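Enquirer: the following block contains a protein sequence and its predicted model.
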There are 2 protein chains.
Amino acid sequence: MSELSAATGLTVPTIKYYLREGLVSAGARTAVNQADYDQGHVHRLRLIRALVEVGDLPIATVGAVLAALDDASRSTHDVLGVVHHALAFGGARAHPLRDADEAVAEIEQFIAGLGWQVAREAPSLRELARILATLRRLGWDVTAEVFRRYADAADALASWELEQTDSDGHRSEVVEGAVVGTVLFEGALVALRRLAEEHHSASRFASKDQRRPSQPAG
Amino acid sequence: MSELSAATGLTVPTIKYYLREGLVSAGARTAVNQADYDQGHVHRLRLIRALVEVGDLPIATVGAVLAALDDASRSTHDVLGVVHHALAFGGARAHPLRDADEAVAEIEQFIAGLGWQVAREAPSLRELARILATLRRLGWDVTAEVFRRYADAADALASWELEQTDSDGHRSEVVEGAVVGTVLFEGALVALRRLAEEHHSASRFASKDQRRPSQPAG
């Protein structure tokens, strides 16, 4: 158990909790107080850690994602659907959609115009509608077209990502790769956009603001 | 107060809470139990709602962002720095960085190679390092170059966004526009990537999986 902790960076109590929750299978018992864990256990625990620490998913949701991953009757596309629903937006979770009915129809039309085929109940459609309605309440005179450039960038990235996926590989590896890519590269894209904004904002606003850095240069 | 609720979509108790927390200034008192609110109050409440419901920021953090916005001595670039720190990653908040020291140096080098000038303590740098270390623990044999395509997309988007900002306008409008753009378009980009992934995953995996839709078509 302590070797498992060293190999995964998780504390022993955390590992025991994941075992109790059934997120990882029990090791082969070798004595009353001892069990053997193999590389499969190590890998599964690392995957759980990635979903919790980078994806910020609650444990129950991690359980749902892993169950979908383990269910060989589910297609890769199916499992990604579970992941997309699991990654629901924090604000959206806490605050049900209001005042955005009109915007939903506009967003559906915009997405259809991009040629994208997505499920009508995709949480991201409602999130986009919420954002469009919010922009308008704040006085922005915009249509769904305001998202065009972001949609084109997302289209190019998603198309490239899926090309990288070796869809002829072993199912479990393909599916896990798709899950990891979805969760981790989403975090990477967000982080990179913030850094790019910091850089470009410095070059645009710093001259007006006497080139004062936003943070003390470490 | 009930008109304010209708105009903002917030409940009366929520508005009273924001007043108590000092996020919005009190109205001009017209009677013991009555106060006048103007368009400034409506707008401020809508902005708070946007930061809470779309940005998923806790109230204390919204307060910090609004204080930076209201402080005329702060540059736009400064205020965006506050926003970027406020938008810290959920997983990163709960789980301090571990096992990623080596990755931090690699990420710093990668970002410098892009020509981006960012503060060394930017939370996004540590988040990228965490993601790189996580990918490796999961067996991906990758360097920071794996983020290149995402960085290029983020660079193009951020450059374009900042060009749209009317930096000659009234300070409060410019700064608010930058804050709203940062928070709301981040949500939009994430939502659009998920939809693009759903679309491309369908065309890549659905044929192998007998073209079964991931969700019943609504």
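Expert: Perfect, thanks for sending it.

Enquirer: show me where pLDDT drops low in chain A?
Expert: A:89-99, A:166-167, A:206-218 (pLDDT under 70).

Enquirer: now for A:Leu4: which residues touch it?
Expert: A:Leu10, A:Val12, A:Ile15, A:Tyr37, A:His41, A:Val42, A:Leu45 (Cβ atoms under 8 Å, 6 or more residues apart in numbering or on different chains). Where you see a C-beta, it was placed from the backbone N, CA and C, and this is true even at glycine.

Enquirer: helix or strand for it, which one?
Expert: Per DSSP states H and E: A:Leu4 is located in helix A:2-8.

Enquirer: filter the contacts of A:Leu4 to the buried ones?
Expert: Among those, those classed as buried by neighbour count (16 or more other Cβ atoms under 10 Å in any protein chain shown) are A:Leu10, A:Ile15, A:Tyr37, A:His41, A:Val42, A:Leu45.

Enquirer: give the closest residue to A:Ala151 in space, chain neighbours not counted.
Expert: Leaving aside its chain neighbours, A:Ala151 sits nearest to B:Leu192 (5.0 Å; criterion: Cβ to Cβ, 6 or more residues apart in numbering or on different chains).

Enquirer: what helix or strand is that neighbour located in?
Expert: Assigned by DSSP H and E, B:Leu192 belongs to helix B:171-205.

Enquirer: for that helix, packing partners?
Expert: helix A:76-86, helix A:123-137, helix A:148-164, helix A:171-205, helix B:39-53, helix B:59-70, helix B:76-86, helix B:148-164 (3 or more Cβ pairs under 8 Å, 6 or more residues apart in numbering or on different chains; DSSP states H and E).

Enquirer: quick one: closest of these to A:Leu114.
Expert: helix A:148-164 (5.7 Å; Cβ to Cβ).

Enquirer: just the CA trace of that closest one, in CSV.
Expert: Extracted in CSV, the C-alpha atoms of helix A:148-164 (Å, rounded to 0.1, in the frame of the first residue of the first chain):
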residue,chain,number,x,y,z
ARG,A,148,-17.6,32.3,-35.0
ARG,A,149,-13.8,32.7,-34.6
TYR,A,150,-13.8,30.5,-31.4
ALA,A,151,-15.9,27.9,-33.2
ASP,A,152,-13.4,27.8,-36.1
ALA,A,153,-10.5,27.4,-33.7
ALA,A,154,-12.3,24.6,-31.8
ASP,A,155,-13.2,22.9,-35.0
ALA,A,156,-9.6,22.8,-36.2
LEU,A,157,-8.3,21.6,-32.9
ALA,A,158,-10.9,18.9,-32.4
SER,A,159,-10.5,17.6,-36.0
TRP,A,160,-6.7,17.4,-35.4
GLU,A,161,-7.1,15.7,-32.0
LEU,A,162,-9.3,13.0,-33.4
GLU,A,163,-6.9,12.4,-36.2
GLN,A,164,-4.2,11.7,-33.7
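
Enquirer: which parts of it are buried?
Expert: So, applying 16+ other Cβ under 10 Å, buried residues of helix A:148-164: A:Arg149, A:Tyr150, A:Ala151, A:Asp152, A:Ala153, A:Ala154, A:Asp155, A:Leu157, A:Ala158, A:Glu161, A:Leu162.

Enquirer: which residue is the nearest non-sequential neighbour of the residue nearest in space to the middle of chain A?
Expert: In chain A, the centroid-proximal residue (Cα atoms, centre = their mean) is A:Val183; its distance is 3.2 Å. Distances taken as Cβ to Cβ, 6+ apart place A:Gly55 nearest to A:Val183, at 4.1 Å, with adjacent residues excluded.

Enquirer: that neighbour: what secondary structure?
Expert: On the three-state scheme (DSSP: H, G, I helix; E, B strand; the rest coil), A:Gly55 is labelled coil.
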